[in-house]
Structure formats: C-alpha cells, structure tokens
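Asker: got a structure for you, letters missing:
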C-alpha cells in the first residue's frame, strides 16, 4: 500500500525547529531579565502561543489536514476557555471572601525543616 | 436542505454529510490518536485550571518559581537553569521525531528507527532531570504536597500533580518510541506503510506541547 501520509520538504522542519529554539530562549529571557507585570504576562503568552501554534501546525501537520479533522480537534478545546473564564471569576470571589473572613496572613508560619 | 443553501460547496459539510468515512485520507490510527490527544488536552487543562484557581484564591504569597527553581552555576544562582535545559532537550527531541517521520515516509527505515531511538534517549534524559528536580525540591527545599517553607501550601500539590502527570506521559512516550522503533527497524511496516511513525510522532509532539504550557504557566508566571 502506498503511504497516504504527510510528506513535506525537510527544510520546513529545520526552520520550525530553529524558531522553537528562538522562542524558548526568548521566553527564558523574560524570566532572566526579570520583566514584571503586564509586560511579563504578555510576552509569556505571545511566545507560548507561537510555540504551541508552530508545533501543532507544522510538526503535527495540522495545517495540511482537511478542515473536517482540524475543526473536530481544535474547536472542542474552546469549551476549556469557558471553564478557565468561569474559574477565574469564581476565584476572585473566593479570594475576597478569604481575605474578609480570615484576613490575609502577612507572615505565614514556616514549616519546620524536613527531617531526614 | 444543504444543496439549497449552497453549503454543499463547503468541503467541511461534504466530508461530514457524505456516506463515507469523515476523515478522508486520514489513517484510522491517526484519527484515533488525535481524539485521544484531544481527551488528554482536557485532562491537562483541568489540572492547569485547578492550579490557576488555587493560586488565585490563596491569601498566602505564592513561592517565586524563579527563585525556587534556581540552580547554582559557577557560584552564581541562575534562575530556572535546569528547567531551561529541560525545555531545550524536549524541543530537540521534537525535532528528531519530525525527522524520523520524514525518513519513514521516504522509506528509509533504519535512519527512521535510529532517529526514534535518539528521541527516546532525549526523553529519558528529560525524565532523569525531572527526577533530579523533584529530589532537590523534596529533600533540600522541604516541599510537600501539603505545604512548604516558602509560602502557599498549594504550591507543592499543584507542582507534583502537573509535572508528575507530564513526566508520566514522557516516560510512557519513551517506552512507546522504543517499541515502535524496534518494529520499524525489523521491517514490520514495509508493506503496511509508515503511518505508524507519524502517529507515534503526534503523541510525542503533544508531550512537548503540554510542556510549553507548563513552562509558561507554572515556571514563568
């Protein structure tokens, strides 16, 4: 039987491989250079999405698949974004309740060092 | 009716409406692997969402991962050094896996098998480094699933659960890779074709994909 699979020029993979290294180095630099706040979070998300996108599109061959498979795999995770949104809203409320009822402990009691 | 609205011209609608297999030209095993990976996506996202929830709701400070996972190199603490090395190892292994898939479809079975074994070696290195990381955290830093000296108690449970489940996937992937590589080497797929390497590759790239999210949300956030 002839192979029905994905065959693409090897140079495509080398390009993406190199790009993944660059994006990983860039996201590591975000921590190394100690960016904080919104700059940090924006950069982390951008590099993460770029890496994830290239892995799925090229290494996992998603961009060469038929629309039927692409939608069947990539649409359902949208439900997860709803879950994340709901839990984020709920978390704000829980945190507020905890602070109001227990008060934020400014100096938590550290555990004793491990005995071994 | 689909015809009346012109929807019939859409490939997507045709694929689902016609009386044949929906995923045309996609080997059965590959479609099943994708569906398994979709379910795995849900599991990992549930873990990461729980982590987000406990981190957002705790009134205690969250331990700073940049400091917790720092390693001394030449007497200077470098933030996330080991994690960065682990990230690069996993990306390298993803590259060798992509090469193996390519070699398989070119019907070069020995290079394909060798590249898969190289991928497995990188995977084993990753797991080894993770063991080192866990040991350091448990023995030296005193991190436990129920508490730690640095801050919020939930840090330990989230960390061990998420990285543990990911490490389990890497370990299973190493075994899977070795089994398929040996079969490829022996020429078992000469007649059937080399879709199997692409399917194994999908699993391996997924493991790398999950690490991208863990790296961003757990270590960098």
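Answerer: On my side now, so go ahead. Just so it is clear, the model here is predicted, and its values are computed rather than measured.
Asker: which residues of chain B fall in helices?
Answerer: For chain B, applying DSSP state H gives helices covering B:2-5, B:11-17, B:28-57, B:65-68, B:81-105, B:109-135, B:154-185, B:195-214.
Asker: Could you say which helix or strand holds the residue lying closest to residue A:58 once chain neighbours are set aside?
Answerer: Nearest residue to residue A:58, sequence neighbours excluded (CB to CB, 6 or more residues apart in numbering or on different chains): residue A:16, at 4.5 Å. (C-beta placed from N, C-alpha, C; glycine too.) Using DSSP states H and E, residue A:16 falls within helix A:10-32.
Asker: re earlier: show the contacting residues for the residue nearest to residue A:58.
Answerer: A:54, A:58-59, B:98 (CB atoms under 8 Å, 6 or more residues apart in numbering or on different chains).
Asker: tell me which residues of the helix holding residue A:16 are tucked away?
Answerer: Neighbour-count burial for helix A:10-32 flags A:13, A:16-17, A:20, A:23-24, A:27-28, A:30-31 (criterion: 16 or more other CB atoms under 10 Å in any protein chain shown).
Asker: likewise stretch B:104-114?
Answerer: Neighbour-count burial for stretch B:104-114 flags B:104-105, B:109, B:112-114 (criterion: 16+ other CB under 10 Å).
Asker: Rebuild the helices of chain B as a markdown table, extending it with mean pLDDT.
Answerer: What follows is the helices of chain B, written out as a markdown table (pLDDT from 0 to 100):
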| stretch | mean pLDDT |
| --- | --- |
| helix B:2-5 | 57 |
| helix B:11-17 | 88 |
| helix B:28-57 | 95 |
| helix B:65-68 | 86 |
| helix B:81-105 | 94 |
| helix B:109-135 | 96 |
| helix B:154-185 | 96 |
| helix B:195-214 | 96 |
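Asker: Now render the ones you listed as TSV, adding distance to chain A.
Answerer: Formatted as TSV, the helices of chain B follow (distance: least, CB to the nearest CB, whole Å):
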stretch	distance to chain A
helix B:2-5	15
helix B:11-17	4
helix B:28-57	4
helix B:65-68	6
helix B:81-105	4
helix B:109-135	11
helix B:154-185	10
helix B:195-214	5
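Asker: what angle sits between the helix holding residue A:16 and helix B:195-214?
Answerer: Orientation of helix A:10-32 against helix B:195-214 (axes from the mean of the first three to the mean of the last three CA atoms, to 10 degrees) gives an angle of 20 degrees.
Asker: Skip ahead from helix A:10-32 and say which helix or strand is next.
Answerer: Downstream of helix A:10-32, the first helix or strand assigned by DSSP H and E is helix A:37-54.
Asker: does chain B sit close to that next one?
Answerer: Yes. Judged by CB under 8 Å from any CB of the partner chain, helix A:37-54 and chain B are in contact via A:40-41, A:44-45, A:47-48, A:51-52.
Asker: ok, back up a step: scan the contacts of residue A:16 and report the most crowded one.
Answerer: For the contacts of residue A:16, the largest number of neighbours (other CB atoms under 10 Å in any protein chain shown) sits with residue B:98, at 28 neighbours.
Asker: which stretches of chain A have low pLDDT?
Answerer: Applying pLDDT under 70 to chain A flags the ranges A:1-5, A:103-112, A:114-116.
Asker: Rebuild the buried residues of stretch B:104-114 as JSON lines, extending it with distance to residue A:99.
Answerer: Output for the buried residues of stretch B:104-114, formatted as JSON lines (distance: CB to CB, whole Å):
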{"residue": "B:104", "distance to residue A:99": "57"}
{"residue": "B:105", "distance to residue A:99": "58"}
{"residue": "B:109", "distance to residue A:99": "62"}
{"residue": "B:112", "distance to residue A:99": "57"}
{"residue": "B:113", "distance to residue A:99": "58"}
{"residue": "B:114", "distance to residue A:99": "58"}
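Asker: In the residues you listed, find the pair that's most separated.
Answerer: Using CB to CB, the pair of the buried residues of stretch B:104-114 lying farthest apart is B:105 and B:114, separated by 15.7 Å.
Asker: For the nearest residue to residue A:74 once chain neighbours are set aside, the count of nearby residues, please.
Answerer: Closest residue to residue A:74 apart from its sequence neighbours, by CB to CB, 6+ apart: residue A:62 at 7.5 Å. The tally of other residues near residue A:62 (other CB under 10 Å) stands at 17.
Asker: Excluding residues flanking it in the chain, which one is nearest residue A:20?
Answerer: Setting aside the residues directly before and after it, residue A:20 is nearest to residue B:91 in space (CB to CB, 6+ apart), at 4.9 Å.
Asker: got a list of what the closest residue to residue B:111 other than its chain neighbours touches?
Answerer: Spatial nearest neighbour of residue B:111, excluding adjacent residues (CB to CB, 6+ apart): residue B:103 at 4.6 Å. Each residue near residue B:103 by CB under 8 Å, 6+ apart is listed here: B:109, B:111-112, B:115.
Asker: surely residue B:40 meets residue B:207?
Answerer: No. With contact defined as CB atoms under 8 Å, residue B:40 does not count as touching residue B:207 (9.4 Å).
Asker: Distance to residue B:142 for the contacts of residue B:103 - can I get that in CSV?
Answerer: Converted to CSV, these look like this (distance: CB to CB, whole Å):
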residue, distance to residue B:142
B:109, 50
B:111, 47
B:112, 46
B:115, 41
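Asker: Good, we can wrap up now.
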